[in-house]
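got a sequence here, can you model it:
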Amino acid sequence: MMALSEHANLFSFLYDISKIKNSDELMTHCKDLQLAFASDDSLTSDINAVELYDEITVLQRRLNDTETNPRIVLEYICENQFVELLPNTYTSLRILLTLYVTAATGERSFSKLKIIKNYLRSQMSQDRLVGLAMISIEKELAYNMDMEEVVPNAKPRKVKF
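As a prediction, this is how the structure comes out:
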């Protein structure tokens, strides 16, 4: 729960860029984001707060109160080839959209791995283990797959008893 509240405090201003009208509030958010991504040994960061502030102000004028959720703004930046013009906004939006709020996905993967690689299958090759893990983790996709499309002209194996 703490990770979710930290995430909300840090990235909340990026969820709707056009709503922030107070420039002091925007600068505070930008500085907080810069500090969050500063490396421990120095104050260098992937994000420059002053530049991010300027970029967001420019974006606010360009977007003109249209829907500005993070995905739409990132698509706008990429489609119009503004990545080099708005590098801080691009980086912060990419971080926001790819950041896991919880570790549930990773934990789920490891619990599936325990089930798949048990004592009887300890001699399994790495490729087979990875394949089985992916099928187990993405079981909804596996159930909906058409096997005729995936493996064309597959002949059923005959088993002799």
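
so what's the closest residue to S12 other than its chain neighbours up against?
Using CB to CB, 6 or more residues apart in numbering and skipping the chain neighbours, the partner closest in space to S12 is H29 (7.6 Å). In short, each C-beta sits where N, CA and C put it, glycine included. By CB atoms under 8 Å, 6 or more residues apart in numbering, the contact list for H29 reads 12-13, 20.

which of the residues you listed has the most neighbours?
The most crowded member of the contacts of H29, judged by other CB atoms under 10 Å, is F13 (19 neighbours).

I figured that residue hits S23, correct?
No - in this structure, F13 is not within contact of S23 by CB atoms under 8 Å, at 12.0 Å.

show me where this structure has its helices.
Using DSSP state H, the helices of the chain run over residues 2-11, 23-36, 49-63, 70-79, 87-98, 104-116, 126-137, 139-144, 147-150.

D46: how many residues sit nearby?
Around D46 there are 14 residues (other CB under 10 Å).

dump the residue contacts of it.
By CB under 8 Å, 6+ apart, D46 lies in contact with 37, 91.

before we move on, what about Q34?
Residues in contact with Q34 (CB under 8 Å, 6+ apart) are 45, 47-49, 52.

quick check, nearest of these to T68?
Sorting the contacts of Q34 by how near they are to T68, with CB to CB, puts L52 at the top with 15.2 Å.
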